[in-house]
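Colleague: got a sequence here, can you model it:
(chains A and B)
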Amino acid sequence: MTKEVQLQAETVVHDKTVFMVRQEHRMLSLVSMLGILGVWELIARLGFVSPLFLPAPSAVIITGYKMALSGEIFRHIGASLWRIFWGFSCAAIVGTLVGILLGFFSIAESIGNPIIASTYPIPKIAILPLLILWLGIGEYSKITVIGLGVFFPMVINVYTGVRNADPVLIKAAISLGSNRRRIIYKVILPSALPMIFAGLKLGIGIALLLVVAAEMIAADAGIGFMILTSADLMQTTKIMFGISLLSMLGLIFSWLIDKLEKLCIPWKK
Amino acid sequence: MEAGHEGPGTKALTWIIEAIVRVIIEKVSKTYVDTAGENTEALRDINLCNEENEFLVVVGPSGCGKSTLLNIVAGLLPATSGRVVFDGIPDNSRPHTAVVFQEFALFPWRTVERNVVYGPEERGLSRQERQKLTRHYIELVGLTGFEKKYPHQLSGGMKQRVSIARALANDPWLLLMDEPFSALDAQTRTIMQGELSHIYEKTQKSVLYITHNIQEAVFLGDRVVVLSRRPGRLQEIITIDLPRPRHEHIVMEPKFLSYVDQIWEHIRDQAKAALVEENP
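Modeller: Below you'll find the predicted structure:
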């Protein structure tokens, strides 16, 4: 049974959250990037600024192409990557182990925590002269300074991950018959994996920063070295190419770690 | 182990052959001492005996220490005084108890079947035995087809089924359940209660079950232990004389309701007092 109702003063309800809906402007992102490059190119081409200070993007690309052709750039990239690889991977492994020790064993925690708390704030690049004194000017001092930079965020993240392992999962494992040693690698380690990856992501950024800094202080190859010597020779296009290379390396590293994370943590949403 | 289906006669026979396993909780007390040195007495002088194949339910108002009691029996918490004894266990090849937690406590990095196989893995069983056990218990709780799913892909009810299968797969002498259904919605809870009752009738495991839900206690239990408010003391033990297998409809029967009423009479005032009490 329906009944006609006479409406008097109508007030329709509107969605008040309309402006909260986030829209994606993919084209806009692309266009603005290209626009900035275009304006930059135009300014350089029209000669408003001396190419010594602001070379055109096209000039930077051409320089990069030439360096690739001569093979010069690969020598620098190779040297930097080699240092990052060793420094980063050693520190990632050692940092994870130390983080687990500190998180799980109270004795290790009492000994290690104050040491870490007091050495963590030191800017690692400040130790480089000391490391050069101890280990020589060669690769070891550079790898070590990178390693130190990666070590601390690793330890602190892994430690936090271990300490935050859900106690009820540990209880469940105990009640199902796990002993202490097995709990470490069957419960604690997988619980800490997301934090381990958070540490790796932080660490790779620091590694990139430190490799450049170390190469600017003492090196005969590497991207940092290349940027510094190009500056001495006023080769601005080379400097800019070096900087864009670092930006690309940073993107590639975080992309790789993201991929690895998805592979290692398939249960993460 | 077909005892459950054949009635009391065969059940008695099984007892003679397999030796009776009893769990005796002897004068167990627990006092928590916090970092400020403040004492909280959670349990006082609990004497209980869980007979073989018995479904024993502990109810009480919030803060009566029922979870504390379960954790002590599981060996996950030390008692301040008293002891828990397992009598008649023929071999120590596996943990005496397995716990089903309110929070499910599934390992998020393991799929359903890898969660269920955890206990057999820790016991060092062979691959075939592990597979057989896993398949059996996954089927028992109705999770066939979900073996490869991760816990986060399952609903609460499904998660708790995994947890029950995981506990049973370790073949414990006593199954401990700590408010296993209280995180579920009311409809799922009703279904799960029915399923648990069915699983119990099929497996004839001894169960110690903690709940604050009186209907649930009467529906599931052979005996219901009523604890008083903090410090938890034994207030009453009520034998639930309802036939098994128990079906959902039993909750409408006068006898069921009178048990519920009887238990509520014991708890009501205490629960009211607990309501206005400050949270510790």
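Colleague: low-confidence stretches in the chain?
Modeller: Looking at chain A here, since you left the chain open. A:1-2, A:269 (pLDDT under 70).
Colleague: wait, chain B
Modeller: Low-confidence segments of chain B (pLDDT under 70): B:1-19, B:277-280.
Colleague: contacts only, for the residue most central in space within chain A.
Modeller: Nearest to the centroid of the C-alpha atoms of chain A, with distances taken as Cα atoms, centre = their mean, sits A:Gly205, at 3.1 Å. A:Gly205 makes contact with A:250, A:254, according to Cβ atoms under 8 Å, 6 or more residues apart in numbering or on different chains. Quick note: C-beta positions are derived from backbone N, CA and C, even for glycine.
Colleague: can you tell me the SS state at it?
Modeller: Put simply, A:Gly205 is helix when judged by DSSP: H, G, I helix; E, B strand; the rest coil.
Colleague: distance of it relative to A:Gly199?
Modeller: To A:Gly199, A:Gly205 is 11 Å away according to Cβ to Cβ, to the nearest Å.
Colleague: got it, and A:Ile227?
Modeller: Taking Cβ to Cβ as the measure, A:Ile227 falls 28 Å from A:Gly199.
Colleague: with neighbour numbers in mind, choose between these two.
Modeller: A:Gly199 (28 against 22; other Cβ atoms under 10 Å in any protein chain shown).
Colleague: now the closest residue to the more buried one other than its chain neighbours: which helix or strand?
Modeller: Excluding the flanking residues, the one nearest A:Gly199 by Cβ to Cβ, 6 or more residues apart in numbering or on different chains is A:Asn157, at 3.3 Å. Using DSSP states H and E, A:Asn157 sits in helix A:139-163.
Colleague: then B:Ala36?
Modeller: Counting by DSSP H and E, B:Ala36 is found in no helix or strand.
Colleague: which phi and psi does it have?
Modeller: phi -80, psi 0 (degrees, to the nearest 10).
Colleague: report how many residues lie close to it.
Modeller: B:Ala36: 5 neighbours (other Cβ under 10 Å).
Colleague: with chain A as the reference, measure out to it.
Modeller: Distance of B:Ala36 to chain A, computed by Cβ to the nearest Cβ, to the nearest Å: 21 Å.
Colleague: quick one: that residue from A:Leu249, how far?
Modeller: From B:Ala36 to A:Leu249 the distance is 53 Å (Cβ to Cβ).
Colleague: what does A:Phe85 give?
Modeller: Counting by Cβ to Cβ - A:Phe85 and A:Leu249 are separated by 12 Å.
Colleague: tell me which of the two has more neighbours.
Modeller: More neighbours surround A:Leu249 than the other of A:Phe85 and A:Leu249, with 18 against 13 (other Cβ under 10 Å).
Colleague: which stretches of the stretch 1-150 of chain B form helices?
Modeller: Using DSSP state H, counting those that start in this stretch, the helices of the stretch 1-150 of chain B run over B:3-6, B:8-18, B:66-74, B:112-116, B:118-122, B:127-140.
Colleague: can you name every helix or strand that the helix holding A:Asn157 contacts?
Modeller: Contacts defined by 3 or more Cβ pairs under 8 Å, 6 or more residues apart in numbering or on different chains; DSSP states H and E place helix A:139-163 against helix A:72-104, helix A:106-119, helix A:128-135, helix A:189-217.
Colleague: repeat that for 7 Å
Modeller: When contacts are defined as 3 or more Cβ pairs under 7 Å, 6 or more residues apart in numbering or on different chains; DSSP states H and E, helix A:139-163 packs onto helix A:72-104, helix A:128-135, helix A:189-217.
Colleague: buried set for the longest one?
Modeller: When burial is assessed from 16 or more other Cβ atoms under 10 Å in any protein chain shown, helix A:72-104 yields the following buried residues: A:73, A:76-77, A:79-80, A:82-84, A:86-88, A:90-92, A:95-96, A:98-104.
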